[in-house]
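In: can you look at this prediction? I've put the sequence above it.
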Amino acid sequence: MDSPWKRLLITETPTKPNITANSTNIIKNGTVVFTCSPENEGTNILWFCNNQTLSLNERRNMSKNNQTLTIKSVKREDAGSYQCEVWNPIGANRSDPLTLTVNYGPDHIVIRPSPESREIEIRFKDPLTLVCHIESYPPALYEWQVNSTMNSDFSGNTIVIKSVSWEDSGKYTCLAKNDVTNLTISKDVTVRVVDTSPGKCKGFSLSGGAIAGIVIGVLVGEALIQTLLYFLFFRKNGRVRKHHLSEKNHSAHKHGEDAKMYEHSVCPKGSALPAQVMGSSPAFPEVPSESPYQALDITTADVYDKIEPLKNPQA
């Protein structure tokens with residue numbers, strides 16, 4: 001038979017336990033360890049999260065006597081209020097809550113509106129609103145870039161342009177940073193300002209950067225073409241000059257040979273050259289030619305001149 005003193009210990013309601021943790025402000029994927037310290041011996045321990053009995057899984061496990069709760073690879077859903085409860089057949093008592101904060105993100109960035117093509121068409125002088133949505137704790141810090149240049153005119157997660165101009169075309173990038181996790185995420189969307197007024201092609205627009213790129217491309221192309229033409233022109237002229245010089249030298253050489261040949265064929269060695277005709281070439285003197293009919297010495301005479309008159313027989 002048990003003593004009255006022992007019976008009194010068994011029937012006493014457990015006092016409120018104390019709960020502690022190695023960290024109550026943890027970064028996602030870290031490990032947290034809770035410890036429950038009851039003041040009474042022989043009590044059972046239960047764990048609660050957000051007033052719900054804590055279920056165990058491969059990431060959540062307890063020690064043999066349930067005094068220690070370990071959560072590995074902490075996730076966002078692990079954040080909340082934790083308590084341990086001690087109980088015996090007489091009663092139960094629960095600890096004060098201990099809040100676990102899980103820092104995460106930035107994750108799942110989205111820019112609204114967000115077409116599948118990641119390109120937004122907006123009419124000239126229409127309003128434009130861009131909203132950057134981020135999942136992050138603590139809340140992320142936002143920065144906007146336009147065409148890869150930070151724009152200090154935009155702050156927070158929202159851009160509002162009351163009346164867009166042609167210069168508002170370009171790539172808009174939302175950057176978000178979590179100072180606790182030291183993580184940064186970004187996403188961009190292209191804005192095209194279009195003119196849909198009558199007589200204009202729908203969807204036509206050119207940003208300042210595109211126009212500058214076209215102008216530079218045209219100038220570079222023109223410079224290359226001029227350089228190529230300059231090179232081809234002088235190369236061709238060089239060939240022509242060389243060809244003309246070669247022909248001139250060849251002609252002079254041939255001319256000398258022809259003159260020498262003529263000299264040997266017309267005027268044999270030792271004979272005098274005929275007088276040159278006025279205006280003839282000194283290299284090729286003209287030789288007077290004589291008609292074959294002029295070479296013939298034809299003497300003409302009247303046959304009647306040869307006939308002598310008859311003498312008068314009477315004389």
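Out: All right, it came through fine. Numbers count the residues shown, from 1 in each chain.

In: from here on, just use CA atoms for contacts and neighbour counts.
Out: OK.

In: pLDDT of the strand or helix carrying Q226, averaged?
Out: Using DSSP states H and E, Q226 falls within helix 208-266. Within the predicted structure, the mean pLDDT of helix 208-266 is 63.

In: likewise for stretch 193-202?
Out: pLDDT averaged over stretch 193-202 gives 68.

In: before we move on, what about stretch 67-80?
Out: 96.

In: how long is it end to end?
Out: 19 Å (CA to CA, to the nearest Å).

In: just the buried residues of it, please?
Out: In terms of neighbour count (16 or more other CA atoms under 10 Å), stretch 67-80 has its buried residues at Q67, T68, L69, T70, I71, V74, K75, R76, D78, A79, G80.

In: turn those into JSON lines, columns for secondary structure.
Out: Listed next are those as JSON lines, based on DSSP: H, G, I helix; E, B strand; the rest coil:
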{"residue": "Q67", "secondary structure": "coil"}
{"residue": "T68", "secondary structure": "strand"}
{"residue": "L69", "secondary structure": "strand"}
{"residue": "T70", "secondary structure": "strand"}
{"residue": "I71", "secondary structure": "strand"}
{"residue": "V74", "secondary structure": "coil"}
{"residue": "K75", "secondary structure": "coil"}
{"residue": "R76", "secondary structure": "helix"}
{"residue": "D78", "secondary structure": "helix"}
{"residue": "A79", "secondary structure": "coil"}
{"residue": "G80", "secondary structure": "strand"}
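
In: a markdown table for the residues you listed, including distance to N182?
Out: What follows is the buried residues of stretch 67-80, written out as a markdown table (distance: CA to CA, whole Å):
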| residue | distance to N182 |
| --- | --- |
| Q67 | 34 |
| T68 | 30 |
| L69 | 28 |
| T70 | 25 |
| I71 | 23 |
| V74 | 17 |
| K75 | 17 |
| R76 | 17 |
| D78 | 20 |
| A79 | 19 |
| G80 | 23 |
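
In: of those residues, which pair is most distant in space?
Out: Q67 and R76 (23.8 Å; CA to CA).

In: picking that back up, and of the buried residues of stretch 67-80, the nearest to P106?
Out: P106 has its nearest neighbour among the buried residues of stretch 67-80 in R76, at 12.1 Å by CA to CA.

In: secondary structure element for V193?
Out: strand 183-194.

In: mind naming the longest strand for the chain?
Out: Using DSSP state E, we find that the single longest strand of the chain is strand 98-112.

In: can you pull the buried residues of that one?
Out: Within strand 98-112, the residues that qualify as buried are 98-107, 109-111, counting by 16+ other CA under 10 Å.

In: part of a strand, is Q145?
Out: Yes: applying three-state DSSP, one finds Q145 inside a strand.

In: for it, grab the count of nearby residues.
Out: Neighbour count for Q145, taken as other CA atoms under 10 Å: 16.

In: how about the contacts made by it?
Out: By CA atoms under 8 Å, 6 or more residues apart in numbering, the residues touching Q145 are N151, Y172, T173, C174, L175.

In: measure the closest residue to L183 other than its chain neighbours to G105 for me?
Out: Leaving aside its sequence neighbours, L183 sits nearest to K177 (CA to CA, 6 or more residues apart in numbering; 5.7 Å). With the distance defined as CA to CA, K177 ends up 8 Å from G105.

In: so for those two, which residues contact both of them?
Out: Common neighbours of K177 and G105, using CA under 8 Å, 6+ apart, are L183.

In: next up, the contacts around V32.
Out: A21, N22, S23, T24, I26, T70, I71, K72, V74.

In: can you add distance to Y142 and give the residues you listed back as JSON lines?
Out: Below are the contacts of V32 laid out as JSON lines (distance: CA to CA, whole Å):
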{"residue": "A21", "distance to Y142": "33"}
{"residue": "N22", "distance to Y142": "32"}
{"residue": "S23", "distance to Y142": "28"}
{"residue": "T24", "distance to Y142": "27"}
{"residue": "I26", "distance to Y142": "23"}
{"residue": "T70", "distance to Y142": "35"}
{"residue": "I71", "distance to Y142": "32"}
{"residue": "K72", "distance to Y142": "31"}
{"residue": "V74", "distance to Y142": "26"}
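
In: and the residues you listed, which is closest to E143?
Out: The nearest member of the contacts of V32 to E143, counting by CA to CA, is I26 at 25.5 Å.
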